[in-house]
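> Structure here, sequence nowhere to be found:
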């Protein structure tokens, strides 16, 4: 996503069903705003399967990467990939994991928001912590509020419960923002400290 200034960079954040059900919406927004990031669009929805299917990439490389991550987890802990998941084909396993993600994301309400600020994509990912909560640093959202792991999720054939989704790249952020919000739902305004914070 090309912007005229780093402070105009935008990213998408979803508070996932586990974050909503645990009452962490306010805490997540607080942590973002505390870092001088600006919420410029915000809405609670109960996503449908078609909406979530559109959210997650369908390209073979992305799906295979999910399979590769799953295989690494099984290798690390000495679990039987074929015995538990019925396949060693990384693309097939990735499709399985993707379907778990979709099922999880439609299991309850989510809060979707567009966040803007200096290097918003990287800043929000830093605040969120590593994708795997069991590896996330304390002081991050996932490190403080989730102890889930890929190993536990795979054993239970479900998505990892990791509180939030945050776009991985500016290009991904643009795609996701366009997917979840219309231009009219995104608001430009100035926070009081913007004139003095830089």
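Nice, thanks for sending it over. Everything numeric here is computed off the predicted structure, so don't read it as measured data.

> what's the helix or strand of the chain with the lowest mean pLDDT packed up against?
The helix or strand of the chain with the poorest confidence is helix 150-155; it has a mean of 89 (mean pLDDT, DSSP states H and E). Helix 150-155 is packed against helix 60-77, helix 81-85, with contacts defined by 3 or more Cβ pairs under 8 Å, 6 or more residues apart in numbering; DSSP states H and E. In short, each C-beta sits where N, CA and C put it, glycine included.

> List the buried residues for the longest one?
With burial defined by 16 or more other Cβ atoms under 10 Å, the residues of helix 60-77 counted as buried are 63, 64, 65, 66, 67, 69, 70, 71, 73, 74.

> which residues are in contact with that helix?
57, 79-81, 84-85, 88-95, 97-98, 150-151, 154 (Cβ atoms under 8 Å, 6 or more residues apart in numbering).

> Does residue 102 touch residue 49 like I think?
Yes - using Cβ atoms under 8 Å, residue 102 is in contact with residue 49, at 6.0 Å.

> pLDDT and distance to residue 27 added to the buried residues of helix 60-77, as JSON lines?
As requested, those are exported to JSON lines (pLDDT from 0 to 100; distance: Cβ to Cβ, whole Å):
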{"residue": "63", "pLDDT": "96", "distance to residue 27": "32"}
{"residue": "64", "pLDDT": "96", "distance to residue 27": "35"}
{"residue": "65", "pLDDT": "94", "distance to residue 27": "30"}
{"residue": "66", "pLDDT": "93", "distance to residue 27": "28"}
{"residue": "67", "pLDDT": "95", "distance to residue 27": "33"}
{"residue": "69", "pLDDT": "91", "distance to residue 27": "27"}
{"residue": "70", "pLDDT": "92", "distance to residue 27": "30"}
{"residue": "71", "pLDDT": "93", "distance to residue 27": "34"}
{"residue": "73", "pLDDT": "90", "distance to residue 27": "28"}
{"residue": "74", "pLDDT": "91", "distance to residue 27": "33"}
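
> partner residues bridging residue 38?
Beta-bridge partners for residue 38, by DSSP bridges, are residue 116.

> Show me how far stretch 168-188 is from its chain's centre.
Its chain's C-alpha centre and that of stretch 168-188 lie 14 Å apart, by Cα atoms, centre = their mean, to the nearest Å.

> In it, which residues are buried?
170, 172, 173, 174, 175, 176, 177, 180, 181.

> wait, doesn't the last one sit right on residue 45?
Put plainly, it is residue 181. No - in this structure, residue 181 is not within contact of residue 45 by Cβ under 8 Å, at 10.9 Å.
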